[in-house]
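J.: coords please:
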Amino acid sequence: PNIKGRFPGDAVRQINALIGKNPLLFDSYLSGAIEIDVDCLSDGNEVFVCGIMEHIEEAGVHSGDSACSLPPRSLSEETIAELKDQTAKMALALGVVGLMNVQFALKDGVLYVLEVNPRASRTVPFVAKVIGEPIAKIAARLMAGEKLSSFDLKDKKLNHVAVKEAVFPFGRFPGVDTVLGPEMKSTGEVIGLDTDFAVAFAKSQLGSSIKVPKSGTAFVSVRDDDKTPALAKAVKSLANSGFSIIATSGTMRFLIANDVKCEKINKVMEGRPHIVDAIKNGEVQLLINTTHGKKALSDSSTIRRSALLEKVPYYTTIPGAIAAIDGIIAYQKGALSVRTLQDYLA
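T.: Here you go, the predicted structure:
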């Protein structure tokens with residue numbers, strides 16, 4: 001009745017006719033959920049989980065655009081066991097022979113299944129390199145009739161961490177906004193490998209041609225929902241490592257309230273000198289910018305575009321920004337080393 005009352009001018013009565021004869025389905029989004037990718041092999045009777053990848057960006061960013069880590073960096077042993085169990089049950093119930101990929105979301109301790117793909121996923125080459133098993137070849141042989149038990153696959157405790165990062169073509173498409181969302185925008189991927197997550201993340205950024213700064217000025221401007229203790233802690237760590245922090249007025253008040261020293265800089269609409277001027281003048285070495293809503297996205301698009309053109313690393317999600325800050329601090333310490341993939345798997 002309330003919905004009908006909102007459309008009194010519906011002359012042809014389409015809305016009233018539709019609502020009157022059909023049930024309505026109301027969906028809600030999982031805000032702040034962790035997305036997880038799981039790849040497995042099955043011969044129809046047995047299942048081997050090849051890899052569980054924890055996305056760094058929250059659920060809602062396309063899985064092809066989100067960075068992820070293998071092994072997962074924050075999931076509990078109980079959650080990992082449940083992921084393996086649910087994946088195996090689905091593979092057997094669906095009669096999968098070969099590879100299967102499942103995308104889960106974890107929110108408040110509850111696992112949700114986003115989608116199940118009874119096929120090879122784009123994560124297969126990544127997982128194969130990280131665990132040292134030719135899983136695409138094994139899948140093909142399973143599809144030809146061989147049994148999973150004949151390959152003697154066993155869970156390995158990895159002594160290294162791998163971070164998969166997306167590579168974006170934004171520089172080739174003038175006018176494209178760099179904000180990540182449900183539509184896939186990346187055109188490639190790289191891997192960062194190390195024994196430490198922060199160093200592996202830094203390597204993944206360098207591998208995707210991002211200039212990882214060791215010093216300078218960081219600009220922070222985030223929406224209200226992202227003004228969290230975790231962000232304040234990360235930005236404070238960045239300031240303590242020698243970076244100067246500048247922020248728009250609302251974010252500045254939030255950071256100062258959390259004992260982070262920073263200075264105010266104007267938004268573009270507030271007049272010059274503003275943040276775009278600072279980026280173009282080479283005064284900003286890192287940009288963290290989250291926004292919400294069509295108008296806010298439009299107002300801040302010039303900031304992200306200027307960062308792209310001036311090759312200033314930018315992050316448009318809070319989990320990505322926090323991981324980047326950890327990586328920058330590790331990079332400052334000179335902790336990067338070069339090793340072959342075989343060394344990590346030995």
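J.: relative to residue 32, how far out is the residue most central in space within the chain?
T.: Centroid check for the chain by C-alpha atoms, centre = their mean gives residue 57 as the closest residue, at 2.4 Å. Per C-beta to C-beta, to the nearest Å, residue 57 is found 11 Å from residue 32. The way it works is simple: take the backbone N, C-alpha and C, and place the C-beta from them, glycine included.
J.: what does residue 326 give?
T.: Counting by C-beta to C-beta, the separation of residue 326 from residue 32 is 19 Å.
J.: ditto for residue 336
T.: Distance, residue 336 to residue 32, by C-beta to C-beta: 31 Å.
J.: can you check residue 134 too?
T.: In this view, residue 134 and residue 32 are 37 Å apart by C-beta to C-beta.
J.: who has more neighbours out of the two?
T.: residue 32 (15 against 11; other C-beta atoms under 10 Å).
J.: next one: the more buried one, what pLDDT does it get?
T.: Note on residue 32: pLDDT of 82.
J.: where do the helices of this protein begin and end?
T.: For the chain, the helices defined by DSSP state H cover 2-5, 14-21, 77-93, 124-131, 135-143, 197-207, 229-240, 249-257, 275-280, 294-309, 318-332, 341-345.
J.: output the ones you listed in JSON lines; the columns should cover mean pLDDT.
T.: As requested, the helices of the chain are exported to JSON lines (pLDDT from 0 to 100):
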{"stretch": "helix 2-5", "mean pLDDT": "56"}
{"stretch": "helix 14-21", "mean pLDDT": "63"}
{"stretch": "helix 77-93", "mean pLDDT": "97"}
{"stretch": "helix 124-131", "mean pLDDT": "95"}
{"stretch": "helix 135-143", "mean pLDDT": "97"}
{"stretch": "helix 197-207", "mean pLDDT": "94"}
{"stretch": "helix 229-240", "mean pLDDT": "96"}
{"stretch": "helix 249-257", "mean pLDDT": "95"}
{"stretch": "helix 275-280", "mean pLDDT": "94"}
{"stretch": "helix 294-309", "mean pLDDT": "76"}
{"stretch": "helix 318-332", "mean pLDDT": "93"}
{"stretch": "helix 341-345", "mean pLDDT": "91"}
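J.: so for residue 222, which of these sits nearest?
T.: The closest of the helices of the chain to residue 222 is helix 249-257. By C-beta to C-beta, the value is 5.6 Å.
J.: what sits up against that closest one?
T.: Defining contact as C-beta atoms under 8 Å, 6 or more residues apart in numbering, one finds that helix 249-257 is touched by 220, 221, 222, 224, 227, 232, 235, 245, 247, 262, 263, 264.
J.: and for stretch 99-106?
T.: 30, 33-42, 59, 63, 75, 79, 83, 86-87, 90-91, 94, 111-121, 123-124, 135-136, 139.
J.: got the CA positions of that stretch in PDB?
T.: Presented in PDB, the C-alpha positions along stretch 99-106 are these (Å, rounded to 0.1, in the frame of the first residue of the first chain):
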ATOM      1  CA  LEU A  99      38.400 -27.900 -11.900                       C
ATOM      2  CA  MET A 100      35.800 -25.900  -9.900                       C
ATOM      3  CA  ASN A 101      35.900 -22.400  -8.500                       C
ATOM      4  CA  VAL A 102      33.700 -21.100  -5.700                       C
ATOM      5  CA  GLN A 103      33.400 -17.400  -4.600                       C
ATOM      6  CA  PHE A 104      32.400 -17.000  -1.000                       C
ATOM      7  CA  ALA A 105      31.800 -13.900   1.200                       C
ATOM      8  CA  LEU A 106      32.400 -13.900   4.900                       C
END
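J.: and it, what's buried?
T.: 99, 100, 101, 102, 103, 104, 105, 106 (16 or more other C-beta atoms under 10 Å).
J.: from the residues you listed, which ones fall inside strands?
T.: 99, 100, 101, 102, 103, 104, 105, 106 (DSSP state E).
J.: pipe the residues you listed into TSV and attach distance to residue 47 and pLDDT per row.
T.: Below are these laid out as TSV (distance: C-beta to C-beta, whole Å; pLDDT from 0 to 100):
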residue	distance to residue 47	pLDDT
99	11	97
100	8	97
101	13	97
102	11	97
103	17	95
104	16	96
105	21	94
106	21	95
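J.: quick check: the two most widely separated of these?
T.: Every pair of those checked by C-beta to C-beta; the farthest is 99 and 106, at 22.6 Å.
J.: thinking again about what came up before, and the ones in strands among the buried residues of stretch 99-106, which is closest to residue 195?
T.: For those, the closest approach to residue 195 (C-beta to C-beta) belongs to residue 106, at 25.3 Å.
J.: is the closest one in a bridge, and if so with what?
T.: Under the criterion DSSP bridges, residue 106 forms beta bridges with residue 34, residue 111.
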